[in-house]
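Trainee: A predicted structure for the sequence below; I have some questions about it.
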Amino acid sequence: MNSILQDKKECFKCKGINNLELHHIFFGNANRKLSEREGLKVYLCVEHHRGNYGVHGRYGKDLNIYLKRIAQKRWQEYYHKTKEDFIKEYGKSYI
């Protein structure tokens, strides 16, 4: 999987191990490619990925922002980059 956020195959949110799906934290055409290349992806169970409170669900905005904040912090640490570098790459800051 090559994630800089996760080394176990379990839901990043609830630690469940069933019905997992790979989630690119920054999605959309260009950002999905960046997420793939730079390891900004995690496993989520179906509920936390596509359920009502999942990142792609009707009420999942908080989880989506939470993952983006964690991902940005880890990206900056892992790649020794600044907030400004992140904005140049992903268009905005989440922290």
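Mentor: Sure thing, it's come through. Please read all numbers here as calculations on a predicted model, not as lab measurements. Numbering: from 1, shown residues only.
Trainee: ok, which stretches of this protein are helices?
Mentor: 29-38, 46-50, 61-79, 83-90 (DSSP state H).
Trainee: Check the ones you listed for me and report the most buried one.
Mentor: Most buried of the helices of the chain by mean neighbour count (mean count of other CB atoms under 10 Å) is helix 46-50; its value is a mean of 19. The C-beta positions use only the backbone N, C-alpha and C, and glycine is treated the same way.
Trainee: With only the CA atoms kept, save it in CSV.
Mentor: The C-alpha trace of helix 46-50 is given here as CSV (Å, rounded to 0.1, in the frame of the first residue of the first chain):
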residue,chain,number,x,y,z
VAL,A,46,-17.0,0.5,4.5
GLU,A,47,-18.9,2.5,7.2
HIS,A,48,-16.1,5.0,7.7
HIS,A,49,-15.4,5.2,3.9
ARG,A,50,-18.9,5.3,2.3
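Trainee: Mind checking the pLDDT average for it?
Mentor: For helix 46-50, mean pLDDT is 96.
Trainee: And for stretch 54-68?
Mentor: Averaging pLDDT along stretch 54-68 gives 93.
Trainee: Not counting its own residues, what contacts that stretch?
Mentor: For stretch 54-68, the surrounding residues in contact (CB atoms under 8 Å, 6 or more residues apart in numbering) are 12-13, 23, 25-26, 42, 44, 46-53, 94.
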